[in-house]
Structure formats: C-alpha cells, structure tokens
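Trainee: Here's my sequence, what's the structure:
(2 chains)
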Amino acid sequence: MNAKPHDKPRYRRAQDRRSQRVFNALYRWAPPSFQSTRWWHPIAGPGVGPAIARRPKALESALGKAQRSLQRRSPGSAIAALLATLLALTPTLAAPQGFAGLGTEAEGFAIPERRPFDFPADHGPHPDFRIEWWYVTSTLTAADGTDYGIQWTLFRTALAPSATDTWDSPQLWMGHAALTTPDQHFVAERLARGGIGQAGAQAEPFNAWIDEWHMRGPDLNNVNLTAQGPDFAYDLNLTATTDFVPQGDNGYSVKSSEGQASHYYSQPFYTVTGTLTLPTGPVEVTGNAWLDREWSSQPLSEGQDGWDWFSLAFDDGARLMGFRLRDDILGDYTAATWIDPDGSPKPYPNGAFTAVPGRTATVAGRTIPVEWQITLPDRGVDVFVTPLNDQSWMDTSFPYWEGPIYVEGSHTGRGYLEMTGYE
Amino acid sequence: MRRTALLALLSHWRTRPLQLLTLVLGLALATALWSGVQAMNAEARASYDRAASVIGSARPSLVSPSGAIDEATYVALRRAGWQVSPMIEGWIGDGIRLIGLDPLTAPPDSGAGIALSDDPLAFLTAPGRLLAAPETAARLTDATLPPVTAVEGIPPGVAYADIGIAQRLLEQPGTLTSLILIDTQPLTRPPLTDIAPGLTEQTPDTATDLARLTDSFHLNLTAFGLLSFAVGLFIVHGAVGLAFEQRRPLFRTLRALGLPNRTLVTLLAAELLIFALISGALGIVLGYLIAATLIPDVAATLRGLYGVPVDGTLTLRPTWWLMGLGIATLGTAIAAAGVLWKLAKLPVLAPARPRAWARANASTARMQALAALALAVISVATATFGSGLLAGFAMLGALLIAAALALPPVLGLILSAAARTARSAEAEWFWADTRQQLPGLSLALMALLLALAANIGVGTMVSSFRLTFTGYLDQRLASELYIRTADAAEAQRLETWLAPRADAVLPIWNIDADVLGAPATLYGVVDHPTYRDNWPVLDALPGVWDSLAAGDTVLINEQLARRENLSPGDQIPLPGWTATVGGVYSDYGNPTGQIMMGQDTFIARYPSADRTRFGIRTSEPEALRTALINDFGANPSNLTDQAALKRLSLQVFERTFTVTGALNVLTLTVAGFAILTSLLTLSAMRLPQLAPVWAIGQTRKRLAQLEVVRALALALLTTLLSIPVGLVLAWVLLAVINVEAFGWRLPMFVFPADWARLTALALLAAGLAGLWPALRLARMAPARLVQVFSHER
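Mentor: Here you go, the predicted model:
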C-alpha cells in the first residue's frame, strides 16, 4: 500500500520557450519603469512625475495577466512567478512619494537618507531596503586580439524589511551572468532564497554569491569573480587601487522631482586578468571592469518607456557614465557623470549629455538601435559607439540588451551599453 | 405504405405499455451498468495522469537511502554548481500528501509558479499557505494548518506548501526528502560523491506504471460491466422475442397485404433503433448515477490497495455518452438479430405456424450444446497452457458462456429423468409441459445462472480473502504497540526506557531499494519468538529462523517470489550482495517486494537505514501507551496500537470490495428481471397449451399453482447447477486472477450458508416473477380460454 506515483524525465525545451513568451507577455503589461533591471540611475534633477495616476490600471492588467497565464497552468514557471512578484507587487507596496523624500514610508522599508558611506560595511547587504545590487561589467581582450565582454550581477529583493537564517526570510536573490564574443552571446540566470546560505553577501571579508557564482576577495578592491551557465564560464581577478566613487550628491542619488532616491557608488577602475571558458575551450584575457553598487526602497516614476545607459572607459584613463531616459510625455531626459582618472566625479544635469540612436538591428524580434552618437560638449566628448555583438540580448526573466561597445571619435576606448524597454 | 405499416407495428406497444417498459428498462439497465463501469475506469485513469503531474514527480531526483536529506547538503550542492531544487513530502490531515517546494528553484515548467502568483510573501513566510484542489481543500479543515488556497488543476489528495512551512508542519526542520534535478546543468560541477556521497540519483516511474499497476483492477471492473451487459441483453432478447411472437398475425397480415419482406424487416429494425436510442440515453443517466455512487469506493480501493490517489468525483465526458448510445444500439442489434433473421427467412405464411418456430429452436439447441462443449474445451486449454491476466479472463469468459449454453440441455436431461418418476397423469403433464417450455425460458435461466455463478464465485473469493486476511493480520500484527521515534537518538532512549517495562522491543528498521529492477523494501528483524511463532511463512528451508538470525538466509514476500519465480534455496541479488532465499511469507495488500533479514546483517549492510520504528510486545498495552505518552514524552500521533491498526486494515479491505458487492447485487437484480420478462412472454404464448388441460377438468387455480411451482422448480435447478460453476469461478479468481493481478494466491474456503441464502433469494425472485402471470391465469375469464378453440389458429 505504498506505491508512489512518479513520472519519467522529459526534456521540455519547447515549454521553456513558451514560458519565456508568457513572461514577455507579462512584461509588456508591466509599468514601463519596472521593465529595467536597473530601477534607478543616478539622476539628479527634475524627474518625471505626473504619470503616477496611471499606475493602478497598469498594475491591475499586469496582475490579471499574470494570474490568467498562471491559472491556465501553461508554464507558470518560478521565474515568471518571481517576475510577477517583482513587477506587480513592488509598485502596490510602494506608497506615492512626497517631495524630497517626505512621506515615503513604504511598508516599513528603510528610505535612503543623506549620509556618508560606511565602508566596508556598506559593501554588504542592506536587508531593510527593498532592492539592492552588485553589478559588474568588464571589457576584455585575449592574447590573439579578440575582444570579449562579461556581465555579472547579483540582485537582492526583499518582500519585507527583515532577514532571518531560515526559509522564512523574505530576502530573495537573482543572479545574471553573460559572456559576449564578437559572434556569440551567452546568458545564465539564477534564483535563490535568502536565509539558508544559497545566496547572499557579506562585507568583510568581501563575498557576494549565488549558487556557485561568486565575487569574493579579501576586500571589494581585490576580488575573484566567477559564473557559469550550461555553455560558458568565466573566472576573473579584479583589482583596483582608487577609492570608491560616490554618485549623485556624495552617494545620495536623487531620481526624480518627487524625491525617489538611492544610495549609489561605483568602482570604475578595476584591472582584470583571468580565463573565459567557451564551447571551443579556455581563453586567457585581460581588461577593465566597472562595479555599480546601489540600494533603495522606492521605485522610479512612471513616465519612461525605458533607457539607454552607457559606461565608457576612455584610453586616457577618464570614465564617463551617461544615460538617456526615454519619455513619451515629458520628452527624453539625460544625465551623466564625468570621472577623472584620479576618481573625482562631476555630475551633469539634464541636457548636457546627448545620445542619438543610429543603425538598428533586429534582436529577439525587436528593433533595437545598436550604434549611437554620444556628446558631452562640456568635456569635448563627441564619440560614436558600436557594439562588439549586435545580438547581446539578455534572455532572462527581465529581457534587455546589454553588451560591450567600442568608442571612436574625439575620445577612444571601450565600454558597456544597456538598453531597456524596446518592443 | 411504409408509414402505415410502421404505425401498425407501433400500435402494438400502445396496447402493451408494460412490455414496452420491459424492453426499454432492460436495455437501459444493461447500458447503465456498462457505461457506469466505463465512467469509473475513465475517471481513475484521468486521476493517474493528474497524479503523475505532481511537481517534481516527473523528473529524476537525488534521494538518500535513509529517506532524509540534510538541508545543508542542498545548499552545499547548489554552491558547488548542482542545479537541484529541494522537496519535502509527508502526510497531513486525513491522508493528504503534503509537498513542500521552493518555488524559486523548482523546475521552470513544473507549475510551481502558481505558488507565487497570488501573495508571495504569505506563501513564503509563516504561517504560510497551503495550495490544493478544491475537493482536497475541503478536507484540510484542521485549525492548526495554514490557510488553504483552492487552486484548480492540482492533483487530487495533494497539497503544496513552501518548503520551510512544510518542514514545520511535518515536524522535520532542516530536513528534505529529495532534490529534484533540473534539466539544464551548468558547464562544470564536481562529481556528486565529492559533495554528497550519501545521495543517489533516482529515475521515477511513469504514469503508465501506475496504470499498469492498477490494470488488473480495471480489468476486473470491465469484466463485471460486460457480464451485467450480457445479462441485460437477455432481457432485451426476451422482450423483443415476445413482441415478435405476439405480432406474428400482424406480420402475416401485412405480408399478405403486399408489404415486401425486406421492407417489413427494415421497419422492424428502425423501430428497434428508436428504442435503442431512447433506452441508451436513459441508461447513460442511470450509469452516471451508478458511477457517481460507487466512485468514492473505487477511489478508496485504489488508494488502499495501490496507494494511487484518485478523485472521488465524476466528470461527464462526451465520449462515454457516445459510447453508451453505441453500446445500446449494438446490444439491441445482437439481441434482435436472431429474431429478425428468422423473420427474413421464413415463408410468407409461416409466421402463423407455431411449429416452424419450434423446429428452428430445436436446431438452435443442438448448436448450443456443441458450442458449450467447444468453449469448455477452450477454457480447460487456456487454464492448462495460458498464462497472464488476459488468459485468466479468457478462461473465465469461456467457462461462463459454456456453462450458460450447457444449461438448457442439462436441464432437459434432468426434466426427462424427473418425468420418469411421475406417478400421476397431472405430474407427467407437468414435467412434459415444463420441458416443452424450456426453449422459451432458457435465455432467462441462463442469465440467472450467470448472475448466480458470478455471485457465488465473487462471494467465495471475497470471503476467502477476508478470512485469510484477518488471520494474516493476527499473525503479522503480533506486537501490541507500534511507535515511530523522531530520530535515532530518541530511538536509543526509547529502547533503554522500554527495556524494564515491555516484554520485548522489536525494531522495524527498513530501507527502500531497487531489487531485480523493481522497488522493494528491505527489513532487518531481531531473532525473537514473536516472529518464529507468528510470521505467516508459506514455504521455507528447515531451520530458517536460525539461519536468518545467523545471517545465512533472507525471507522474501510472496509477491517477489512469484514475480521473480524464486523459491527457498534460490539466490537473490540485493544491493551490495547476493543472498540465499530461506523462505517465502504471505504479504497481502502490498504490491511491492519485501526482503527480511537478520538485524545484524541488515545494520552491517545498510548502516544508513531508517531506524526509528519499533513494535512493542506487552501484556498491558493501554498502561504502557499512557506511560509512553506521559512519562517518556512520545508523540501520540506516532503511537499506534494493534487494534487500531487492524481496524484500519480491515476498513480498507471492506471498502475494497464494496464495489464488487454492489455490482453483484445489481447483476442479480437484472437476472431476476430477466426471468420476469421471460415468464410474461411465455404466459401469453401458452394459452393454447393450457386451454385443453383446463377443458378436461383442471381448475384455473390449480393451473396457476402449477405455474408457480414450475417457475420455482426451474429456478431451484438452475441455482443448484450454478453452485459448481460458481465454485470453479472462485477457484479461477483465487488461483489465477489474483496471482496475476496482485501477486498472491489465497486458500479457498467454501461457505454453504451463503449458497442457502442465495438459493432462497433466487427462489424468491422466481416465485415473484411467476406469481404475476399465474395470478393473471387464475383470474382469467373462462371465455378467453374457450376462445382458444375458436381462435383462428
């Protein structure tokens, strides 16, 4: 009386792809600002406020759609479900913000405030904030002159502002890894519960991990970075000697006129050595890397359709971070930070930085601009960026385009480009 | 012309509404039993598919021999690159399977996403949420359980919860049952032995395995359905025969008026088709009612006997609407084919000549006797040379049909013999007249024979099974108390605590493993008189208990022995070693294999086994139970006493055969109905034969009495003949079908009291059926009897 029902293993690639389509459907219904992996960027200046009133309807659609697709029992994957969580739940919980951070208690989550960073403690997680990430992009070159790029991201999402050492912990983790070659783009994604040690981060000695992926070292300026998927892997050593660069107002990065803000710092000066593993075998590489650390509890405002984000490492040692927020209603919004070779930052307001799309490519059925004209006249920057690989598509729960780029024109160098919200 | 002819034919039913009712009801009953059984089968099969869709059950997984995996092992595997998802399984409420899962790492296509679609925080954190199908949710009413969310499409009898919540509900913190292997694994990962040496990969069974496991049960049901349908067809045949008989003058008139024979046959066929469709629809409704009533018991049977979860609810499926109508039409065609064929072949004026029918019947009887002989030969041949479940059923079918076909000739012989004993003219006339009626009644009597034989056969099997099972429970459940401890440490504490308080503590330590390619359970037992005195050993080498204790031999259960054709003295390969089979013991109610060995051998071979279960021998079970709970601190839910265990086992057993019993009663009812219709048919036809007897001085009352006596005599004879047939049937069920279906053979016991009861029942049915036509005869106006002589015939 103890026969247990079981079933044979079946390979269900086709269903996996369908699951992806379900997610894409979810994604289209979600409020545009949540379509990005990066919910905040260092915007200092007027935000994009008036669209908030639209939120409930959009949210309802997102939830309804999510539930309908899940109830059909068509591949309601854990990933899609997490998506439903991230996309739909967060905005419901987030209370409308008052001006300059007034009245922004969001379900007990901590709210960013103006304070100096406390290193190394701030390298570790801030579980009382809703969202946080450790975000590394790196441009690399092999001995034979072939260029590569990798991305390594660990996201932390809290369903509630608490953390425990058990399954009960409301802290959820997501890892994205990518390896781009001139003609291939490899992607992997991981999800994990906090509380049981499967994923997490600690400040000292520094370690951030999910499954077997890690960014680990004695300190955040000397780390070993690994990740792998079914068909690729990398193992890199990152070293920097300069201090971490605070973004915005000494690390308090205001996102909109309504007061949304985040804590934000970067390390754009890593030098990198290590090994990439491709289907064809291992490749020794060297290059540069850029780390972004950011945490907050407040989602962005809602006027934007998506954005185009550039991190450029010039051959003369300077760095430029700039982006363009696309907005149907209020018009595009740009911001930038110039970082001198010694690490001192200078933020630029809206309009100082421009990004004009050029050639487009068809990527995952979408039309996406892959070449851009970038200017920052105040620094004499007038450059043209081209991608290493047109098809740098991140086919993850939140799909987006992210890949290494070349910089030519007034300045030369390499960098990374992230584009979200293209349908 | 055609329209007029059809109206003329149909007018017959207007004057005889009862006959119409008989026809429609007979066909409806046959269809109802058939489609009801089909519906139950279809529902159970659908449940298997749903059961197979339980999250994680469709994939290979990592399991531990001890059944429990430390949560830390899961994290270690993930951190080493193994893409696995944790699962914990257990039971809550009244036998609901609780599956704890982690929706974040669960396979993307597993459907685990439903867990987070509503309120992820509530699902993931205390008190958590249970997800279950609405029917299952209704059973999860315990206030100590987390709130339940009803979700359509979750397999029956299953509740999902977050892994952490499930661990708490099952009181197994930090423990997992298995780790699901995700399809896509990363580029490199260390070998499993480096990270978790204790774990092994397990490839699950399929839904087809479930179906195969329960095939025998469904075949049983189907056979019953077919039997009922066959009995129902006898009724239809009787009713159609009667209608044709009574309309012979009408046919003759119609033919004489110029209606072509072909048109007449076509019209009659059309008339029958209309009735078939009406009765079919009625039968489907009845069948639905039968299935809806019986399916909870079918579900309980499948759960109890095979551990297969089945919904206790019924869904209307369009396929069996169509199938029901189809089978009704087909049944009518079969039942009426003979009559229509005769009508088509006979010359124009023949229908009015009774002898023409009688002669046709005589040749039929010879054919029947020959067919019966041939089928009997086939049946014996199948029993001798065939093997397997289907051969068993083929043998059963051939046997039953042979017995039914042989009935009229055998009855004829008996009646001739009886006629020779007759001393008066009345008695001689009685026997001769009874013989003369035999062809007309034979179909109804065959139906009665089949129903009675099935009743005796199945009854004998069930009663034998019950007797054996009760005895077996007494032997097998020798310990007065059974306890399960939380872990090995508590187990040791328990042994020390019990040493001065109980007569003996018998560890029931076991491990699940694959033996000869199928799942089996390995047990380690101590050398104790409890086993030597009580264990239900069927066949063993001499001194088996000593050699078992010494580690030289193992005992295996009957299922394993039969499946692998092992007997004492044979070698059996076990995980890690090969053992000698020392003996075979009976093990009812369990489809999987078991191997029993000495405890020392067991611990040495399988150190990781589950060592938490114990049987306790004591003369004061109640006092010890109380002491265990109050003084030792045992969890009452982990303590079972012998009486409760036996009660539970017998309950499962009784429910197992509820369906069989219910179908038995229904079949017998149908057979009784068949006799009634046949006697009604005959009473109308027999008037010309009775009128002369009345004319020479017999009273109507006496004639009516004789009619009842005749019905009783025929029923009695049939019942007596059905007893040997039923016993052969029981033997086939016990010695062939059960061995094939369940893997165990049962000793046969006979129950003469049951036969007496059944005989009385059959006589009652026949008496009631004979009473009505007899009463009509007794009250018939003499003028009608006189009329016979002036009648056109």
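Trainee: What strands flank whichever helix or strand residue A:291 is part of, and is each parallel or antiparallel?
Mentor: Per DSSP states H and E: residue A:291 is located in strand A:281-296. The sheet places strand A:281-296 alongside strand A:131-142 (antiparallel), strand A:261-278 (antiparallel), with pairing taken from DSSP bridges.
Trainee: So what's the residue count around residue 127?
Mentor: Because you didn't say which chain, this covers chain A. 22 (other C-beta atoms under 10 Å in any protein chain shown). (Each C-beta comes from the backbone N, C-alpha and C, glycine too.)
Trainee: that answer is for a different chain, and I need it for chain B
Mentor: Neighbourhood size, residue B:127 [other C-beta under 10 Å]: 13.
Trainee: list the buried ones in the strand holding residue A:291?
Mentor: Residues A:283, A:285, A:287-296 are the ones in strand A:281-296 that count as buried (16 or more other C-beta atoms under 10 Å in any protein chain shown).
Trainee: got the CA coordinates for the helix or strand that it is followed by in PDB?
Mentor: Under the assignment DSSP H and E, the closest C-terminal helix or strand after strand A:281-296 is strand A:304-314. Extracted C-alpha coordinates of strand A:304-314, given in PDB (Å, rounded to 0.1, in the frame of the first residue of the first chain):
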ATOM      1  CA  GLN A 304       9.700  56.400 -19.000                       C
ATOM      2  CA  ASP A 305       9.500  53.800 -21.700                       C
ATOM      3  CA  GLY A 306      13.000  52.600 -21.000                       C
ATOM      4  CA  TRP A 307      16.500  53.800 -21.100                       C
ATOM      5  CA  ASP A 308      19.900  53.700 -22.800                       C
ATOM      6  CA  TRP A 309      22.800  53.600 -20.400                       C
ATOM      7  CA  PHE A 310      26.500  54.000 -21.200                       C
ATOM      8  CA  SER A 311      29.600  53.300 -19.200                       C
ATOM      9  CA  LEU A 312      32.600  54.400 -21.100                       C
ATOM     10  CA  ALA A 313      36.300  53.800 -20.200                       C
ATOM     11  CA  PHE A 314      38.500  56.100 -22.300                       C
END
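Trainee: For strand A:304-314, what is the distance to the chain centroid?
Mentor: Computed by C-alpha atoms, centre = their mean, to the nearest Å, the chain-centroid distance of strand A:304-314 equals 11 Å.
Trainee: Next, the angle strand A:261-278 makes with it.
Mentor: Per axes from the mean of the first three to the mean of the last three C-alpha atoms, to 10 degrees, the angle that strand A:304-314 makes with strand A:261-278 is 60 degrees.
Trainee: In chain B, which helix is the longest?
Mentor: helix B:425-476 (DSSP state H).
Trainee: Point out the other helices and strands that the helix or strand following it packs with.
Mentor: The helix or strand immediately downstream of helix B:425-476 is strand B:481-484, counting by DSSP H and E. Counting contacts by 3 or more C-beta pairs under 8 Å, 6 or more residues apart in numbering or on different chains; DSSP states H and E, strand B:481-484 is packed against strand B:613-617, helix B:621-627, strand B:639-641, helix B:642-656.
Trainee: returning to that earlier point: what about the strand holding residue A:291, average pLDDT?
Mentor: Here strand A:281-296 scores 93 as its mean pLDDT.
Trainee: Then stretch B:251-258?
Mentor: The average pLDDT within stretch B:251-258 is 82.
Trainee: Can you mark which positions in that stretch are buried?
Mentor: Here stretch B:251-258 shows B:251-252, B:254-255 as buried, counting by 16+ other C-beta under 10 Å.
Trainee: Now the two most distant members of those.
Mentor: The largest distance within those, taken as C-beta to C-beta, falls between B:252 and B:254 and amounts to 7.3 Å.
Trainee: Could you pick out the residues of the stretch 251-400 of chain A near chain B for me?
Mentor: residue A:277 (C-beta under 8 Å from any C-beta of the partner chain).
Trainee: in stretch A:203-210, what counts as buried?
Mentor: Neighbour-count burial for stretch A:203-210 flags A:203, A:206-210 (criterion: 16+ other C-beta under 10 Å).
Trainee: now the end-to-end length of it.
Mentor: End-to-end distance of stretch A:203-210 (C-alpha to C-alpha, to the nearest Å): 15 Å.
Trainee: Kindly report the same for stretch B:174-181.
Mentor: 19 Å.
Trainee: Could you list the low-confidence segments of the stretch 651-793 of chain B?
Mentor: Applying pLDDT under 70 to the stretch 651-793 of chain B flags the ranges B:651-660, B:663, B:667, B:670-671, B:674, B:677-678, B:680-685, B:740-744, B:790-793.
Trainee: if we take the buried residues of stretch A:203-210, which one ends up nearest to chain B?
Mentor: Relative to chain B, the closest of these is residue A:209; by C-beta to the nearest C-beta it sits at 7.3 Å.
Trainee: tell me which helix or strand of chain B sits lowest on mean pLDDT?
Mentor: helix B:207-246 (a mean of 66; mean pLDDT, DSSP states H and E).
Trainee: Which helix or strand contains residue B:595?
Mentor: Residue-wise, residue B:595 maps onto strand B:593-598 under DSSP H and E.
Trainee: contacting residues for the closest residue to residue B:638 other than its chain neighbours?
Mentor: What sits nearest to residue B:638 in space, not counting adjacent residues and going by C-beta to C-beta, 6 or more residues apart in numbering or on different chains, is residue B:484, at 4.3 Å. Residues in contact with residue B:484 (C-beta atoms under 8 Å, 6 or more residues apart in numbering or on different chains) are B:612-614, B:638.
Trainee: Tell me which residue in the stretch 301-423 of chain A sits closest to chain B.
Mentor: Chain B sits closest to residue A:397 of the stretch 301-423 of chain A, with a gap of 9.8 Å, by C-beta to the nearest C-beta.
Trainee: repeat for the stretch 151-300 of chain A
Mentor: Taking C-beta to the nearest C-beta, the stretch 151-300 of chain A has residue A:167 as its residue nearest chain B, at 2.5 Å.
Trainee: Please settle this for me: is that residue part of a helix?
Mentor: No. Using DSSP: H, G, I helix; E, B strand; the rest coil, the assignment for residue A:167 is coil, not a helix.
Trainee: Apart from its neighbours in sequence, what residue is nearest it?
Mentor: residue B:164 (2.5 Å).
Trainee: does residue B:368 count as helix, strand or coil?
Mentor: Using three-state DSSP, the structure places residue B:368 in helix.
Trainee: correction: residue B:545
Mentor: Judged by three-state DSSP, the three-state class of residue B:545 is helix.
Trainee: close enough to count as contact, it and residue B:533?
Mentor: No. Using C-beta atoms under 8 Å, residue B:545 makes no contact with residue B:533, being 9.9 Å away.
Trainee: where do the helices sit along the stretch 151-300 of chain B?
Mentor: For the stretch 151-300 of chain B, the helices defined by DSSP state H, counting those that start in this stretch cover B:163-169, B:192-195, B:207-246, B:248-256, B:261-306.
Trainee: In CSV, list the ones you listed along with distance to residue A:228.
Mentor: As requested, these are arranged in CSV below (distance: least, C-beta to C-beta, whole Å):
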stretch, distance to residue A:228
helix B:163-169, 25
helix B:192-195, 16
helix B:207-246, 35
helix B:248-256, 88
helix B:261-306, 44
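Trainee: Among those, pick out the one with the most neighbours on average.
Mentor: helix B:163-169 (a mean of 24; mean count of other C-beta atoms under 10 Å in any protein chain shown).
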